[in-house]
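Trainee: need the 3D shape of this:
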Amino acid sequence: AKSGPGVIRATVLVPLFEGSTGIEVLLTKRTELVEHHKGQISFPGGAADEADADAVATALREAEEEIGLDPKSVQVLGYLEEFETPSGFLITPVAGLLKSKPKLKLNRDEVEEAFWVPVDFFLDEANENREEREWRGKMHAVYSYQFGGHRVWGATAAMLRGFLKRASG
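Mentor: Modelled structure (predicted):
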């Protein structure tokens, strides 16, 4: 993994639930009170604490803090591809399967709302918006999705898209 001066390592949990209509993924909307990525759609997660044994521990601890998810209810499936954000974060996504749809308890300082999206929505290319953006002198494709009143873009969209393309490929 790349890491250098100023890179902040973070981990997110990609919570998946297999319902009657197929697999759904849980996303959260960050509040305007958080330090980074205000108001953005994201996965539960955050920077590692020294006490965390590994990235899985970070992801489960943060999900419990942010949305009240019981770590014991998560079957960890494994790591997804790391993603580096233009804002200097190196994010390790951990995919986790939930045995049942949890009753969430949102930490209102950090999470404005949480919502489930069918994975099929992201697999349908009709829902995919693509634009070219310049970053560090190179052009990059930036993907976004509009789901209800939510715009899913940036690192969250990129990680979802990468994961789903591999999972369905």
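Trainee: next SSE downstream of the strand ranked longest in the chain?
Mentor: For the chain, the strand with the greatest residue count under DSSP state E is strand 8-19. Using DSSP states H and E, the next helix or strand after strand 8-19 towards the C-terminus is strand 22-30.
Trainee: so what touches that next one?
Mentor: For strand 22-30, the external contacting residues (C-beta atoms under 8 Å, 6 or more residues apart in numbering) are 14-18, 37-44, 66-67, 106, 110-120, 122, 150, 152, 156, 160. Every C-beta, even on glycine, is put in place using the N, C-alpha and C of the backbone.
Trainee: in strands, which of the residues you listed appear?
Mentor: Reading strands off those with DSSP E, I get 14-18, 41-42, 111-118, 150, 152.
Trainee: the longest strand of the chain pairs with which strands?
Mentor: Here strand 8-19 is paired, per DSSP bridges, with strand 22-30 (antiparallel), strand 45-47 (antiparallel), strand 89-98 (parallel).
Trainee: max-length helix in the protein?
Mentor: helix 154-168 (DSSP state H).
Trainee: and that helix, what's buried?
Mentor: Gly154, Ala155, Thr156, Ala157, Ala158, Met159, Leu160, Arg161, Phe163, Leu164 (16 or more other C-beta atoms under 10 Å).
Trainee: what does it rub up against?
Mentor: 12, 14, 25, 27, 37, 40-43, 80-81, 83, 85, 89, 91, 93, 95, 119, 122-123, 128, 142-145, 152.
Trainee: can you select the buried ones among those residues for me in PyMOL?
Mentor: Of these, the buried ones go into a single PyMOL selection, burial set by 16+ other C-beta under 10 Å:
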select buried, resi 12+14+25+27+40+41+42+43+80+83+85+89+91+93+95+119+122+123+142+143+144+145+152
